[in-house]
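Undergrad: build the 3D model from these lines:
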Amino acid sequence: MSLNHCSVVLIDLDDTLLDFGAASRASLQDLFAQKGRRLTGEEMEAFEAINGACWKALERGEITRAQLSARRFAEFLAYLGMTGDPMEYNAAFRAGLAQSAVLLPGAMELCRALCGRVELYVVTNGFIDTQMKRIRAAGLEGLFDGVFASQSVGCEKPGAGFFDAVFDRIGREKRGSTVILGDSLSSDMRGGKAYGLTTCWFNPAGKPDTVGCDYEIRRLGEFLSILGLVPQYRMATPDDIGTLCDMVIDFLREKRPDMTEAQAQQVRAQRTAFLQAHLNRDIFGYLCTVDGRDVASAHLHVIEQPANLWHINGRTATVLNVYTVPDARRLGYAEGVMRLLMEHAATLDLSYIDLQAAPQGRPLYEKLGFAVQSGKNVPMRYSF
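TA: Have a look, this model is predicted:
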């Protein structure tokens, strides 16, 4: 399967999107603090080893989920030399987990980029109520087409029964156009490979591949490259004038919802004529394209005027109409367009670039080096 034509992504949750280790440590430390004991680093590592072994046993079908819940805390309490009800500890631990949702780097950006472009489903062995709460707490709710948890499905991942349940729901005909992305060789990769799915292993630590995964990534953003969803940035050509005008009209509709259709047509006509006469002479356009679709744009208008001490060569420029289509926002596309604009501007012998920053855009522009200007002069305008 060519991943450029992938239509379904199954994605693991713990240690792929959410940092389970951080959530587990926080919940465990808080639980035992309430019992009057502060766990050491060595004790925390012991729990992680016990917990991990229990989950592996569950994957192999050696214990049930109920046995896992009791065993991990029975063994850990014995290790600590403490007494107590393992199921009470387990319930408190899971309640703490549900409150913690630490996103791994790039997780939100990945999910936002995939949402609406592929069918995106979570596949997890975690307890369904806990996982749903963590998804909401992490701000990921609404980005998935569905969540499949072993507990609700009735079969553990990596068993074939788990994947049967998934494809019974989403359509068995989609099996050949599905890729599974996860961090676990034993659960995600071996299970997916045995079921005939394309596998992509999230392996930030660079461990050896003992399964033979189809793809391997170290950073979540690399998955977009595999899918062909990497943004492409370019300077606009005359063939792009229609696209530039369309995006400016959309930009203005957001800024001025009261704009009439007659006004929109007047702006479009003037913009089209202006760009046809001036594009790549004293006005430049920049575009971001993802999967064949233009998603962000900006303009740079170069102005030549009599020199003074503020623009010693008389050449300055203004950034105009930085815009990203609504469903592609907060993915870094506007920043990419601006960086291309600034790299090009550096070749134009300009004294400075200025812009008018909307409140939501100001952090980006400051990150890029733009500074708020202050002075005694008051901006004024006379309108005809």
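Undergrad: once you drop chain neighbours, what's closest to residue 282?
TA: Nearest residue to residue 282 in three dimensions, chain neighbours excluded: residue 302, at 4.7 Å (Cβ to Cβ, 6 or more residues apart in numbering). Just so you know, the C-beta spots here come from the backbone N, C-alpha and C atoms, and that holds for glycine as well.
Undergrad: for that neighbour, phi and psi?
TA: Dihedral pair for residue 302: phi -90, psi 130, per degrees, to the nearest 10.
Undergrad: over to residue 354?
TA: Dihedral angles of residue 354 (phi, psi; degrees, to the nearest 10) stand at phi -120, psi 170.
Undergrad: that one: neighbour count?
TA: Residues within reach of residue 354, counting by other Cβ atoms under 10 Å, total 12.
Undergrad: tell me what it is bridged to.
TA: residue 318 (DSSP bridges).
Undergrad: for it, which residues are in contact?
TA: 316, 317, 318, 319, 373 (Cβ atoms under 8 Å, 6 or more residues apart in numbering).
Undergrad: spatially nearest residue to the residue most central in space within the chain (excluding sequence neighbours)?
TA: For the chain, residue 109 is the residue whose C-alpha lies nearest the centre (Cα atoms, centre = their mean; 1.3 Å). Taking Cβ to Cβ, 6+ apart, and ignoring the residues beside it in sequence, residue 109 has residue 331 as its nearest neighbour in space, at 5.7 Å.
Undergrad: from residue 378, how far out is the one you found?
TA: The span separating residue 331 from residue 378 equals 38 Å under the rule Cβ to Cβ, to the nearest Å.
Undergrad: these two: who's more crowded?
TA: It is residue 331, of residue 331 and residue 378, that has more neighbours when counted by other Cβ under 10 Å, with 22 against 5.
Undergrad: might one say that the more buried one is in contact with residue 111?
TA: No: distance between residue 331 and residue 111: 10.3 Å, which falls outside the contact criterion (Cβ atoms under 8 Å).
Undergrad: run a quick neighbour tally on residue 323.
TA: Quick note: residue 323 (other Cβ under 10 Å) scores 23 neighbours.
Undergrad: ok so it is a helix residue?
TA: No: counting by DSSP: H, G, I helix; E, B strand; the rest coil, residue 323 is not found in a helix; it is strand.
Undergrad: what sits opposite it in the beta ladder?
TA: residue 297.
Undergrad: distance of it from residue 8?
TA: Distance of residue 323 to residue 8, computed by Cβ to Cβ: 31 Å.
Undergrad: circling back to that earlier point, who wins for neighbours among the contacts of residue 354?
TA: For the contacts of residue 354, the largest neighbour count, defined by other Cβ under 10 Å, is 23 neighbours, found at residue 317.
Undergrad: go ahead and confirm that residue touches residue 300.
TA: Yes: under the criterion of Cβ under 8 Å, residue 317 lies in contact with residue 300, with a separation of 5.3 Å.
Undergrad: who touches both of these two?
TA: Taking Cβ under 8 Å, 6+ apart as the criterion, residue 317 and residue 300 both touch 345, 353.
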